[in-house]
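Q: Quick one, what's the 3D model for this:
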Amino acid sequence: MGVNVEAVGKSYPPTLYAVGREKVKEYALAVGETNPLHLDHEAARAAGYADVVAPPMFAVVYSGAAIGQAFFDPDNGINFALLVHSGQEFRWGPLVVAGDEIQTTVSVASIEERAGNGFYVFESVSTNQDGHTVCVGTWTNVVRGA
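A: Coordinates of the predicted model:
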């Protein structure tokens, strides 16, 4: 099979995502969220937030373009026909609200071959316009052997 361990440590250019009020509301509705902080900007403001608060897993929205760079990088050698999503972890910082601008960078944390399978771990770091880290993601995938 042969995985490219030389790609470990590679970083990708940052992506910028402007968090929109309607996108937060649409995401919240799509995942069945009922908390008014995610759906009603007046309720969010009454609670002390600048605008609607993004649900925690909205992280996949603002980090999606950044992580895509790593997934589709031919240097990493991912065969999508054999790819299995095996794990995902997030560590959150300050809440993300509509109006924030989130910059995400991704790096290749590790690539290993075990038992004929490729194990790929990517790390994303997302910061807001104030420089605060709002989310660190660990994205783990397995490419099954041929």
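Q: by contact count, what packs against the longest helix that the chain contains?
A: Longest helix in the chain, counting residues (DSSP state H): helix 59-71. Under the contact criterion of 3 or more CB pairs under 8 Å, 6 or more residues apart in numbering; DSSP states H and E, helix 59-71 touches strand 15-18, strand 101-114, strand 117-127, strand 133-143. Every residue, glycine included, has its C-beta placed from N, CA and C.
Q: what residue ranges in this protein score low on pLDDT?
A: 1-3, 146 (pLDDT under 70).
Q: Contacts only, for the closest residue to residue 71 other than its chain neighbours.
A: Counting by CB to CB, 6 or more residues apart in numbering, residue 71 lies nearest to residue 78, which is 6.2 Å off, once chain neighbours are set aside. By CB atoms under 8 Å, 6 or more residues apart in numbering, the contact list for residue 78 reads 71-72, 118, 120, 141, 143.
Q: quick one: which two of those are the most distant?
A: Greatest spacing in the contacts of residue 78, by CB to CB: 72 and 118 (15.4 Å).
Q: If you count surrounding residues, which of these two has more?
A: residue 118 (24 against 10; other CB atoms under 10 Å).
Q: how close does the residue nearest to residue 71 sit to residue 121?
A: Residue 78 sits 12 Å away from residue 121, going by CB to CB, to the nearest Å.
Q: where do the contact lists of those two overlap?
A: residue 141.
Q: returning to what we had before: tabulate the contacts of residue 78 (TSV), appending distance to residue 59.
A: Formatted as TSV, these follow (distance: CB to CB, whole Å):
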residue	distance to residue 59
71	16
72	19
118	25
120	19
141	17
143	24
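Q: Out of those residues, the closest to residue 106 would be?
A: residue 71 (9.2 Å).
Q: And for the closest one, the neighbour number?
A: 16.
Q: now residue 48
A: 6.
Q: Could you do residue 121 as well?
A: 17.
Q: can you check residue 94 too?
A: The number of residues near residue 94, taken as other CB under 10 Å, comes to 13.
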